[in-house]
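Asker: sequence-free structure coming up:
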């Protein structure tokens, strides 16, 4: 039989828009031994995770907890829980992940209107209001940070508009939560989804979600307690049941409530990871963390521009945690990314759809968002470009970034 | 702000039917730093996981991979991928998890026939054949090891019967895979689902699945590549699309294929865990591992019986990795389990539905299935019973178990 080796990954600096480097304290927490899912010590940890997640989301929502899936599953859980078949939903899509929202909602029978925009731009809130004026919309589902284009949709205005037209606002903050200020309640976001493997800096494998009483009321009207554990006091709701058992947030609410009604077996080590990642965020402080991401973004962009590279998209709306560069003449994406990985152990990301082959995406997220990583990455990009005969001024990029840090 | 503490679980011996203790080598692997999901080092690990999983399942199925959910999500993925709305499915249910299969399949519009049996028994294959004779069944979905009752349904015969009536056989081996011999191909199982947190001895948070070409053909007829990443060569299937995007095994097949078409972001650390857990199983050897579980089960049962406790259910069909004891007079379940946890750090499990308050379930799974744990658990049960005034012969249980080990 073939001999399989133990896990021993090569050194890597992960400058993609996810997964990024997990905080070493998170990795350490994951090596703790397993607790039973109904052990009071474990359910206490779950309650603490909820408490810290509320601080991160800046929300009072009782319904704030984890789904044992990657981010995409959390998205599906909230969307298919809040939206019933036939509900009219407006999706302003400005990149690949906007389309994902429609892929998910189509399958649950929602009546979708897709607004599209050129990749590299965001929506003027008025464009969205124009559509909402037509009436009948139950919800607006929108991406906050669209990693496929590096654009970030302004949300505060959108929250007000949705309230005016009595539409729920459900926002995917998978790529921004933990790196950018997102006051969920203040902005009027009704449902919000975050991923662990980006600015929260834990491994992929859990999704953090929060939603308010408006959504919870709908969800509870769709609830049905499972045969085998239901009691005579469990009454079925009147709205159509949620299509998935695993992603059924009516059941997940019960699981995460003090009743801890059995559903899945909570992913113990991922729960440890999320708890520790949130604890690290609390220790750093939210505003301090956002400022760190912003500063590293500023240094990165200064360095890239000093090298003569063009940053893609509408710079007024660029995510501070993702930067897309236009691939310069004289090199292609796979060569640039491939050599950065092979020679420097630095990973950057490719792109999708209309941007495939045109841009490379550089992440600046969570534990990966560090001064030394920014400097190392700029130096590596410069060296690879020069090694491939692309003319760039040597030394300028790192110097420009250093200057940003000195002036900070 | 409240100060949150780092993860530091109290010592525990997990003698429940899951989650159980993860192998320390698995926990160590999880603390390795993150690799990007398309890093060739990482995709090589994924391929090795598939290779080892085929050995574990004893199958040649190409489609053998992980779903980034707990076991329940893997079940839903295979069931809702193989079964289309309107398909007739027979579910022989002999405990809570049989009902779960129907809960999952009801939501995707399957036409379900539920055969029910008293909890604590299994089906005679002839009973199932009688029903299949009526014709029209697309599939039989069945639990192998029903942890709610500790019963194990014989499968070899069932595979032959299903083939005879041209019905797919989809089996939940979440509680048995890795602890009991389950030759998937030899037994004629078309789709099979395993969980990581039981006899495979990794944390909860990943599901291992395998299915053959018969199911894969159906799945591919339901495929639709997502907008934003689809190319002109991607053609939509003719059967109804799978209801969930996250659990869509048509997309997961592409993700786990050499094409590695983007879907979710693979849960890196859980993937490390599964890889290492499978590697530990390969090192131990399948038959050696099954023999270990069987021997520890024999010792546990001998000890319990020597104490005068009654083992629940049809002993001919008891799972070797779960034993249910009837709660003796003079004590109740919460007292027995509570004191075992508080004073001895041993966790045992409660029960569901008609067995609630009547039995306690003791697991014997994976890394928890160890001689010392069996002896410790027997000693603790005896002490708690005596401490609560229940008459049991002191010292007999451990002595009987030791004798089993001596004779082995």
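Answerer: Perfect, thanks for sending it. Small disclaimer: the values here were computed from a predicted structure and weren't measured.

Asker: Residue A:33 contacts residue B:20, doesn't it?
Answerer: No. Counting by Cβ atoms under 8 Å, residue A:33 does not reach residue B:20; the two are 10.8 Å apart. Where C-beta positions appear, they are placed from N, C-alpha and C, glycine not excepted.

Asker: okay, the two: which has more neighbours?
Answerer: residue B:20 (31 against 19; other Cβ atoms under 10 Å in any protein chain shown).

Asker: Give me the nearest residue to that one, chain neighbours excluded.
Answerer: residue B:368 (4.1 Å; Cβ to Cβ, 6 or more residues apart in numbering or on different chains).

Asker: how about stretch A:332-340, does it reach chain B?
Answerer: No. Judged by Cβ under 8 Å from any Cβ of the partner chain, stretch A:332-340 stays clear of chain B, getting no closer than 10.0 Å.

Asker: Not counting that stretch itself, show me its contacts.
Answerer: A:327, A:346-351, A:357, A:359-360, A:380-381, A:384-385, A:387-388 (Cβ atoms under 8 Å, 6 or more residues apart in numbering or on different chains).

Asker: which one of these is nearest chain B?
Answerer: residue A:347 (4.5 Å; Cβ to the nearest Cβ).

Asker: Could you report the neighbour count for the closest one?
Answerer: 25.

Asker: My read is that it contacts residue B:37, right?
Answerer: No. Checked against Cβ under 8 Å, the pair residue A:347 and residue B:37 is beyond contact range at 9.8 Å.

Asker: buried sites along stretch A:214-230?
Answerer: Across stretch A:214-230, burial judged by 16 or more other Cβ atoms under 10 Å in any protein chain shown covers A:215, A:216, A:218, A:219, A:222, A:223, A:224, A:225, A:226, A:227, A:228, A:229.

Asker: from these, which two are the most distant?
Answerer: A:215 and A:228 (27.4 Å; Cβ to Cβ).

Asker: how about a markdown table for the buried residues of stretch A:214-230, with distance to chain B and secondary structure added?
Answerer: As requested, the buried residues of stretch A:214-230 are arranged in a markdown table below (distance: Cβ to the nearest Cβ, whole Å; DSSP: H, G, I helix; E, B strand; the rest coil):
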| residue | distance to chain B | secondary structure |
| --- | --- | --- |
| A:215 | 19 | helix |
| A:216 | 20 | helix |
| A:218 | 17 | helix |
| A:219 | 15 | helix |
| A:222 | 11 | coil |
| A:223 | 13 | coil |
| A:224 | 8 | coil |
| A:225 | 10 | coil |
| A:226 | 5 | coil |
| A:227 | 4 | coil |
| A:228 | 4 | coil |
| A:229 | 6 | coil |
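
Asker: nearest to residue A:124, of these?
Answerer: Nearest to residue A:124 among these, with distances taken as Cβ to Cβ, is residue A:215, at 26.7 Å.

Asker: Now the closest one. Nearest residue, chain neighbours left out?
Answerer: residue A:82 (4.6 Å).

Asker: Check what pLDDT the one you found gets.
Answerer: pLDDT for residue A:82: 98.

Asker: which ones are touching the residue nearest to residue B:20?
Answerer: B:13, B:14, B:15, B:20, B:21, B:201.

Asker: do residue A:140 as well
Answerer: A:89, A:90, A:91, A:92, A:128, A:132, A:158, A:162, A:167, A:168, A:169, A:170.

Asker: Just name whatever secondary elements the top helix by length along chain A is in contact with.
Answerer: Using DSSP state H to define each element, chain A has its longest helix at helix A:286-306. If you count contacts as 3 or more Cβ pairs under 8 Å, 6 or more residues apart in numbering or on different chains; DSSP states H and E, helix A:286-306 packs onto strand A:322-326, helix A:371-387, helix A:396-407.

Asker: by how many degrees do that helix and strand A:322-326 diverge?
Answerer: Interaxial angle, helix A:286-306 versus strand A:322-326 (axes from the mean of the first three to the mean of the last three Cα atoms, to 10 degrees): 10 degrees.

Asker: Excluding chain neighbours, what is closest to the spatially most central residue of chain A?
Answerer: For chain A, residue A:174 is the residue whose C-alpha lies nearest the centre (Cα atoms, centre = their mean; 1.2 Å). Of all residues not flanking residue A:174 in the chain, residue A:195 sits nearest, at 3.8 Å (Cβ to Cβ, 6+ apart).

Asker: With residue A:42 instead?
Answerer: Nearest to residue A:42 is residue A:35, by Cβ to Cβ, 6+ apart, at 4.1 Å.

Asker: Tell me which residues touch residue A:261, please.
Answerer: A:225, A:229, A:251, A:254, A:255.

Asker: And it, which helix or strand is it part of?
Answerer: According to DSSP states H and E, residue A:261 maps onto no helix or strand at all.

Asker: Break chain A into its domains for me.
Answerer: A:22-282, A:286-407 (automatic domain parsing).

Asker: For chain A, which segments count as helices?
Answerer: A:24-30, A:40-57, A:71-82, A:96-107, A:125-132, A:156-164, A:184-187, A:213-220, A:249-255, A:268-284, A:286-306, A:333-344, A:371-387, A:396-407.

Asker: counting contacts, what elements does the third one pack onto?
Answerer: With contacts defined as 3+ Cβ pairs under 8 Å, 6+ apart, helix A:71-82 has these neighbours: strand A:63-67, helix A:96-107, strand A:168-172, strand A:191-195, strand A:207-211, helix A:213-220, helix A:249-255.

Asker: With respect to residue A:183, which of those lies nearest?
Answerer: The nearest among the helices and strands packed on helix A:71-82, by Cβ to Cβ, is strand A:191-195 at 10.5 Å.

Asker: partners of the closest one, with directions?
Answerer: strand A:168-172 (parallel), strand A:207-211 (antiparallel) (DSSP bridges).

Asker: Give me the distance from that strand to the chain's centre.
Answerer: 7 Å (Cα atoms, centre = their mean, to the nearest Å).
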